[in-house]
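Trainee: okay, structure incoming, though there's no sequence with it:
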C-alpha cells in the first residue's frame, strides 16, 4: 500500500515542479551543467524512515551545506572556546561570498565563505589527512560512504580566486595558521562531495536526532556540538535571507549552490530538496518553496511549537477513591473511611519539561490541604523528564518533611530523577496500601493493625453465620510458601481458593511480546505485568473460573506467606454432597468476582474522567 | 507550602545577585537613576500562573522591549505586505542605535531604533490617537492598564536627537510619511511606558501562548502576527548579540535599556528579568545571565526540543486479542476464531504532529497484510492534531478503498480531522463488535448471523443439561425496553440477572467531576463514562453483587431491546427452595464475573505491554 505521506509529498512535488524561475549556478562549469528540471524531495524521520519523491537519488555536489558539517568537526576537534575566538556566530547580513571580516580579521560566522574556509583550516588532519577525515565525518552524518566529484574539485580550485583572496586575508590576520593553500584545497574538496537528496535528508535527520544518524545509530556529533550547529544554521544558514527564512519557514536550514537545501525539525525529521535553479541569494528556488510549503502545511515553524505539556496532571483524588485491594478488618476499615482522604494521589502523564513540571508541582501542592499526611505521585505514565526537576523534587520533599508530611512516588521504571529520601513503589496498589497503613498506624488503635488475619476477614466468610464459618474452617488446609516461591502458574488447572493469612503475594500477567510492544530482550523482568500485590485477607486463584478453570495469572510469594486453601477437590465434593452449603461459598465467590470487576471499572472510569 | 519552583528561582536569584558588573544606562537621567541593586525575576506560564522573585514588582521603563509590541500593532493595522515594504526582517549585525538603513532607506528590521521609529509611525492613530492605542495594546499583552512615566517621556525627547536624525532620514526616503515629530514623540512615549518584571513575564507568556494573555484570556495579537514577532525576536531581538544569544540561550528574546529583558518559550512560558546594569550591547547583565542559567537548567534551547511524538503508536494487535464483549453463537465464534486476525487494531496516543502522524500512518500500513479487511484506529488518547493530517487520512482511506479494505476510527470526542466516508465509533468495544460482524458477514454462513439469541447462548446456561435449561427457562420473565429507556439506575437494589435476546444496551458509569477532571459544564453527555455496549447473549445487572447488591452502572437501551430477566426475588426463593439448582446458577454467575475480570486485565495488560 502506498504511503499517504509519500502521496502527499508527490502532490507537493508535482505542484512545485511548475516553478521554473532561476538558473543553475554558473560559478563553475560542473555547476552550470546542473539539470534545471532535476527535482527531488526527501524526508527522513528521527526513527529512520525515509520518504523520497522525484530525483531524490540524483547525485550533485554538496557545496555550502558542507559548512555546517565541517563546523561540527572543528568544534569536536578544538572545543567551543578555541573555535569561537577565530570564528564568530553572528549573522553578517551579507551575501555568502562577501569579503567581510570583523576588525580583528575574524569572520562573522562559519556559514559565510570566509568563516567556512577558516573552519576547514581548523580541522585537525590527524593521521589520515584532513580530506579523509572530512569524508569520514560527512559519511557518519549521511550514513554511507561518500566520495568527491573530482571534476568539481578541480573546477572549484580553478575558479576559486575570490575564496583564495579571503584565505590569504585571514592568514594575514592570523585567523588561519599553517598552509593556507592546503586549507583552501580541502575547502574546495568538501564543497565537491557528491550527495543525493536522500543523503542530505539523513544528514538533516541526524541533526534533528541530537547528532545520531537514525538509520545507522552512529553518533556524528555530540549533543552540545549538534545544538550549536543548529543554532548557527537558524541565524546564519540562509545568508542575507536568514531573517526572512526564520520569519516564513522558522526552522534551521542550509542551502548550497549545487541546488541542495536541508531543513531540520528537531526531534522530528530532516528535510532535503535537490533542484539546481537558484534564486538571488544562491538558494534553490524549488528548494526554498518546498520548505515554505511544508512548513505551512505541517506547522513546522518554531512559533507553533505549543507544548503538549498542559495535559500532564491526569487526576488528583484521595486514595479512598481508588483504594488498594488490601482487605482490612472492620476496625481498620472504619479508620480508613474516616481518614483516607488524608492521603492524596496525583497522577501525572507525558513528558516533564518545564511547563509540565510546573503544573505537576502545583497540583501536588494544591493536593496538600489541612490534614493531608501523604501525597502519592503516580509517575507511571511519565516520559522524558527535565534533569533540573531533581532540584524541584528535592525542594518539594523538604517542604513536605518540614510540615510532617511524606511525598512518595510510583515509578516502576525509575524514570524520575528523584533525590535520596523519596520512597518509591512499583505499583499504585502497593503505594495506596502503604498510605492506608500509614493512616491506620496514625489514626487507628491496636485492633486496626493486625499483621495476620483470620478466616473472619476473608470474603469467603463475609455473609455466613459463626457455625457455618466453623464448618468452612474445617474444609480449609493451612499452607505456607517461602519468599520468591511460585504458588500458581499460568496454564495450570483451578487449584482452589487461596486466602492469605500473613505475608504478601504478587499477581502478574504474562504478556505476549510482539513487534509493536517489543522490549529490550534482556529485560525479562518487564515481560510480566504486575497486576497487583495481595495482602492478608485477600484471596487468589479463583480468577481462572472465568477461563475454563485454567489459571491466567502467575502468583508469587513476595514474603514468607501463610495462607488457607479451599482445594478445588474439596469444593467439588461439597458441591455434590452439600449443595446448600456450597451455594453460600459460591455466592461469596461470585460477589468477590464482581467486586473486582467494579474495582477495575472505577479505576478506569476515574482515570478517563480526569484526563485533561 | 512554598512552591519548589519559587524556591528554585530564589536560588537562581540569590546566586546571580552576586554579579555586579555593568552600569545603568546613562542615556537619560531617569535611566541613570536606575537602582543597580534592583533585581527581579518573574515567570508566567501559559496557563496563567506567575512566579515572582526579588524586585519583580518594581516599576521601570519598558524601553526597547516596546519595539516588539508596536511591531505587532503595525502588522495588525496594515498586514505583512505593507509593513514589509517599509521595514525588513533581516538581522543587521549592528548595534541598536546604529544609523544604518538599506539603500532604499528601509531599516533592516523593526527591533533596531530606526526600524522601531518607522514601525511606530505606521501605527494607525485611529480615533483615540496613537499614544492611547499603544497604551491600550500593550495593556492587552500585560493584562493590566499601563501608564507612561512622564519624566522619562520628556527626557527621551530631550536626549533623542540621534533618533530624531534617523526619523528625518527615513522621512527623506519616504519610509516615514506624515508628521515625523509626532511619530518620534509617540516612539519616546512608548519607550517610557512603566512596567514591572511581572508585567513583562505576562507579555512574554502572551507571546508564548499564541497571542492570548493567559490570565485575562484576551487576545493581544493574531496567531500569524504573534509568530512573526517571535521570528523577528529570534533573529534580531538581541541586536548585534543575536547570534550568541541563539547559540547560548536559544529562545526568542528582547531587552531594553531600562534593565528589562523578556524571553519566550513557545507553548510553555514567558520569562522576564529586571536589573538596570547593562552590558556593552545594552542588555541587562543579570538579565542575560538569568536567561542563560534558566536555559541551561530547564533545557529551554530550541535544539533540545525533541518531540514526545515517538511514543504515539500504543499498540498494534488483531481484534481477536481484545475482542468485543459481544456473545456469539458457536458458529459465529468458529468464524471469528479462524478469521478475526483479519481485523487489526492500531492504538494511538499523544499529539499528532508530523513525526507522530508519520509513525501512526506507518503502523496502520504495516498492520495491513494479505487478508486484512479492516483496521480500527483507536484515537481515544490523541491530543492535538495537525490540520494537514486530514489530507493524509484522505489518501489513506482511498488506498484502503482501492484494495477493498475499510479504515474505521474510534474517536468519541471528534478530535481527528477525518474526511467524509470514514466510519467512526464512540467506544473501542463497539468498533470491535462492528469488525467482528464484518468478518462473520464475510466468512460465515446464515447460521452464524442471527439477530436474536436464545437461552442456549446465555452464560447462565453454559454448563447445564437440556433439562436444567428448560427448568431455568421457566424461571425467566420476558421483558422489553424501548430505545432510550433506562433499564437500570445507579443506586437501585439488585433487580436480578438480565440476558439480552435482541437489541443493544449501553452500560455507563457516573463519574464524579472534580477540579482536576473538570469538563465544560454544558457537556452533560460526557459526565457518564460508557463502559460498554452489550449485544444479544450478554448479561447485565449482576455486577452490583460485588457492591452490597446496589447497582453502580446505568443501563440504557440503545435500540428496542428484548431480554430475559431472572428476578432477584426468584433467585432468592430458588436459593432457599432448591439449593442444588441455585448452585448451578451461582456458579455460572461467578464464572461470568471472573471472565469479565480477566477481560479487563487482558485489556490493561495488552495496552501496557505495548507502550513504547
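Mentor: That came through fine. Nothing here was measured: the structure is a model prediction, and the numbers come from that model.
Trainee: contact residues of the stretch 351-500 of chain A facing chain B?
Mentor: A:351, A:353-355, A:357-359, A:361-363, A:365, A:368, A:383-384, A:386-388, A:391-396, A:399-400, A:403 (C-beta under 8 Å from any C-beta of the partner chain). Just so you know, the C-beta spots here come from the backbone N, C-alpha and C atoms, and that holds for glycine as well.
Trainee: buried set for stretch A:22-34?
Mentor: Residues A:22, A:24, A:25, A:27, A:28, A:30, A:31, A:34 are the ones in stretch A:22-34 that count as buried (16 or more other C-beta atoms under 10 Å in any protein chain shown).
Trainee: now do the SS call for the third one.
Mentor: Taken by DSSP: H, G, I helix; E, B strand; the rest coil, the conformation at residue A:25 corresponds to coil.
Trainee: ok, for residue A:549, nearest residue in space, not its chain neighbours?
Mentor: Residue nearest to residue A:549 in three dimensions, not counting chain neighbours: residue A:494, with 3.9 Å by C-beta to C-beta, 6 or more residues apart in numbering or on different chains.
Trainee: hang on, isn't the one you found packed against residue A:568?
Mentor: Yes - using C-beta atoms under 8 Å, residue A:494 and residue A:568 qualify as a contacting pair, with a distance of 5.0 Å.
Trainee: those two: which is more packed in?
Mentor: A direct count of neighbours by other C-beta atoms under 10 Å in any protein chain shown for residue A:494 and residue A:568 places residue A:494 higher, at 20 against 15.
Trainee: tell me the contacts of that one?
Mentor: A:541, A:542, A:544, A:545, A:549, A:550, A:551, A:568 (C-beta atoms under 8 Å, 6 or more residues apart in numbering or on different chains).
Trainee: can you put the residues you listed in a markdown table and add distance to residue B:316 and secondary structure?
Mentor: Putting those into a markdown table (distance: C-beta to C-beta, whole Å; DSSP: H, G, I helix; E, B strand; the rest coil) gives the following:
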| residue | distance to residue B:316 | secondary structure |
| --- | --- | --- |
| A:541 | 33 | coil |
| A:542 | 33 | coil |
| A:544 | 28 | helix |
| A:545 | 31 | helix |
| A:549 | 31 | coil |
| A:550 | 27 | strand |
| A:551 | 28 | coil |
| A:568 | 38 | helix |
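Trainee: let me know the closest of those residues to residue B:474.
Mentor: Nearest to residue B:474 among the contacts of residue A:494 is residue A:545, at 26.4 Å by C-beta to C-beta.
Trainee: ignoring the adjacent residues along the chain, who's closest to the closest one?
Mentor: Residue A:545's closest residue in space is residue B:594 (C-beta to C-beta, 6+ apart), at 4.5 Å.
Trainee: any idea where the helices of the stretch 1-150 of chain A begin and end?
Mentor: A:4-17, A:29-32, A:65-86, A:113-122, A:130-142, A:150-158 (DSSP state H, counting those that start in this stretch).
Trainee: out of these, which is the most enclosed?
Mentor: Most buried of the helices of the stretch 1-150 of chain A by mean neighbour count (mean count of other C-beta atoms under 10 Å in any protein chain shown) is helix A:113-122; its value is a mean of 28.
Trainee: which other residues reach that helix?
Mentor: A:64, A:66-67, A:70-71, A:74, A:77-78, A:82-83, A:86-88, A:96-97, A:99-101, A:107-110, A:130, A:134, A:162-163, A:166-167, A:169-170, A:175-178, A:180, A:183-184, A:186-187, A:190.
Trainee: against residue B:47, how distant is the closest residue in space to residue A:312 that isn't next to it in sequence?
Mentor: Distances taken as C-beta to C-beta, 6+ apart place residue A:356 nearest to residue A:312, at 4.1 Å, with adjacent residues excluded. Per C-beta to C-beta, to the nearest Å, residue A:356 is found 11 Å from residue B:47.
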